[in-house]
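J.: what follows is a protein structure lacking sequence information:
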């Protein structure tokens, strides 16, 4: 018969208590049940652990077993606590890769709420463009990503999180901003259009022709908006991108309302999320549902 953790715990509790009655109360058992387990343990070892029936003095074997058993029980309890904490999403690491518009508008509030409930979990958030989000996921360096999955990628799966419309982003005093009317593509023909990685998702042939004629490409969202702020030109981006960039820029929707960007939560097709990552994902969904009620 193998020595069980239950036997070790029973023995250590009796040795620390110095009597069966107090040990039985601590263990939630009757004194007779504790006595029987100790006898089974001693029979298995082939030698007594206590020098007398009062259980207040250990034999040489008892002293040795006590030291080893206490270390084993402490280790076992730590392992159990770690497993239970992980299962409750109270421990672990969550690695997030997100496009700038999500990283600056959705994730700060999600992170604040998440840490109030799961303060011991480590969270790593990295802001990057869509192609890099997908690469982080493919290489296993992120657990969960937020970006646009434009075409199927082996090993990854996506679920729509929200949708926002495309529009022109320009300086607040630009004529397009002053008019406030939805913008047609033919109105952009005379504008200096700054191409970015997000607006390249628009497949409309007329807009594609505008992109092909453009002399400027700034792939970083922050750098792109900085150029617009300096009135280098205008750009086309989804509405949420502008949420955190001040009052000196304006978003003017495109006339074609069908031109939208869908952001998805992207994960590994064959790897389940940890409890902590699942909890973080649920908080993100909650924040999106509250702040973007019309998203899909």
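T.: Structure received. Predicted model only: the values in this text are computed from it and were never measured.
J.: low-confidence ranges, this protein, go.
T.: 1, 246, 293-296 (pLDDT under 70).
J.: show me where it has its strands.
T.: Listed in chain order, the strands of the chain (DSSP state E) span 93-98, 122-127, 144-147, 156-171, 194-195, 216-217, 235-238, 249-253, 260-268.
J.: show me what the last one is in contact with.
T.: The set of residues external to strand 260-268 that reach it, using C-beta atoms under 8 Å, 6 or more residues apart in numbering, is 99, 101-102, 133-134, 137, 140, 143-149, 155-166, 198, 201, 238, 240, 273, 281, 284-285, 296. Backbone N, C-alpha and C define where each C-beta goes, glycine included.
J.: what pairs with it, parallel or antiparallel?
T.: strand 144-147 (antiparallel), strand 156-171 (antiparallel) (DSSP bridges).
J.: could you say which of those strands is packed most deeply?
T.: Sort the strands paired with strand 260-268 by mean neighbour count, taking mean count of other C-beta atoms under 10 Å, and strand 144-147 sits at the top with a mean of 26.
J.: could you find the closest non-adjacent residue to residue 167?
T.: In space, residue 167 comes closest to residue 253 once its chain neighbours are excluded; the distance is 4.2 Å by C-beta to C-beta, 6 or more residues apart in numbering.
J.: measure that neighbour to residue 47 for me?
T.: According to C-beta to C-beta, to the nearest Å, residue 253 stands 85 Å off from residue 47.
J.: also residue 199?
T.: 80 Å.
J.: again, but for residue 267
T.: From residue 267 to residue 47 the distance is 56 Å (C-beta to C-beta).
J.: residue 275 contacts residue 88, correct?
T.: Yes - judged on C-beta atoms under 8 Å, residue 275 makes contact with residue 88 at a distance of 6.8 Å.
J.: let's have the strands paired with strand 260-268 in TSV, adding distance to residue 223.
T.: Shown next, in TSV, are the strands paired with strand 260-268 (distance: least, C-beta to C-beta, whole Å):
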stretch	distance to residue 223
strand 144-147	18
strand 156-171	13
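J.: between those strands, which one is nearest to residue 24?
T.: Among the strands paired with strand 260-268, strand 144-147 comes nearest to residue 24, with 48.6 Å by C-beta to C-beta.
J.: what sits up against the closest one?
T.: Contacts of strand 144-147 (C-beta under 8 Å, 6+ apart): 94-99, 102-103, 106-107, 130, 133-134, 136-137, 161, 263-267, 273, 277, 280-281, 284.
J.: show me how far it is from its chain's centre.
T.: Distance of strand 144-147 from its chain centroid, counting by C-alpha atoms, centre = their mean, to the nearest Å, is 9 Å.
J.: do stretch 38-55 as well
T.: Per C-alpha atoms, centre = their mean, the centroid offset for stretch 38-55 relative to its chain is 51 Å.
J.: equivalent analysis for stretch 2-21, please.
T.: How far stretch 2-21 lies from its chain's middle: 42 Å, per C-alpha atoms, centre = their mean.
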